[in-house]
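# sequence-free structure coming up:
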Ligand SMILES: Cc1cc2nc3c(=O)[nH]c(=O)nc-3n(C[C@H](O)[C@H](O)[C@H](O)COP(=O)(O)O)c2cc1C
């Protein structure tokens, strides 16, 4: 089995919360981590697995991630995973990106979400922000465990 190259595309614009998760995942998957603006459409064939992540903004991933996925050509079951940080970490806000990736022919093999610090709008004045200190070491450990599972899924699929 050859080495599986992994790319992580991460937009982390509010407090650099999500890039910390991207880095924890990349420690395990030995992935290249880039911002959407540095994504090179031509290089996509080099990767067996692509992770897409950002903070959640009004119930969706950051528009730079959604725009990027819109611009990708149709794939033939290339593996992908989705991650996010948010005030309320749920998989529901992954729906838009998930559907877009499926539409583009990706095989989405995992989702990860965790809390991220938020001090936008009234939360700044009322509470001095929500989810202070998040993501924290426990979140990074969960992210690494998630990456281990993704790695196993990828390895298993290369034998089937
Ligand atoms: C304009 C704005 C809108 C947001 N909308 C949501 C939301 O709909 N749901 C949620 O759980 N968190 C929401 N958040 C919180 C962010 O998802 C959270 O702070 C995230 O960790 C930011 O990640 P980043 O620092 O990597 O950009 C919002 C934050 C901002 C600034």
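Structure received. Here the structure is a predicted model, which means the values were calculated and not measured.
# now the strand or helix carrying residue 8: buried residues?
In the assignment (DSSP states H and E), residue 8 maps to strand 6-11. Within strand 6-11, the residues scored as buried using 16 or more other Cβ atoms under 10 Å are 6-11. Any C-beta I mention is one placed from the backbone N, CA and C, and that applies to glycine too.
# mind giving me TSV with these and columns for distance to residue 117?
Converted to TSV, those look like this (distance: Cβ to Cβ, whole Å):
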residue	distance to residue 117
6	27
7	26
8	21
9	22
10	16
11	16
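# got a list of what the residue of the chain found nearest the ligand touches?
With Cβ to the nearest ligand atom, the shortest gap between the chain and the ligand falls at residue 116, namely 2.0 Å. With contacts defined as Cβ atoms under 8 Å, 6 or more residues apart in numbering, residue 116 is in contact with 14-15, 17-18, 55, 85-87, 89, 131, 134-135.
# which of these count as buried?
Buried members of the contacts of residue 116, counted by 16+ other Cβ under 10 Å: 14-15, 17-18, 55, 85-87, 89, 131, 134-135.
# closest to residue 141 out of these?
Within these, proximity to residue 141 (Cβ to Cβ) peaks at residue 135, which comes in at 10.2 Å.
# close to the ligand, is stretch 26-45?
No. Stretch 26-45 stays clear of the ligand (Cβ under 6 Å from any ligand atom), getting no nearer than 11.2 Å.
# please identify the helix or strand for the residue nearest to the spatial centre of the chain.
Centroid check for the chain by Cα atoms, centre = their mean gives residue 53 as the closest residue, at 2.5 Å. Using DSSP H and E, the element containing residue 53 is strand 49-57.
# now the strands for the protein?
Under the criterion DSSP state E, the chain carries strands at the ranges 6-11, 32-34, 49-57, 60-61, 78-86, 106-115.
# as TSV, the buried ones among the contacts of residue 116 with distance to residue 66 and pLDDT would be great.
Below are the buried ones among the contacts of residue 116 laid out as TSV (distance: Cβ to Cβ, whole Å; pLDDT from 0 to 100):
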residue	distance to residue 66	pLDDT
14	16	95
15	20	97
17	18	98
18	14	98
55	13	98
85	16	98
86	15	98
87	19	96
89	19	97
131	23	95
134	24	97
135	22	98
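# in helices, which of those residues fall?
Members of those lying in helices (criterion: DSSP state H): 17-18.
# does the longest helix belonging to the chain reach the ligand?
When the chain is parsed with DSSP H, its longest helix is helix 137-159. No. Applying Cβ under 6 Å from any ligand atom, one finds helix 137-159 separated from the ligand by no less than 10.6 Å.
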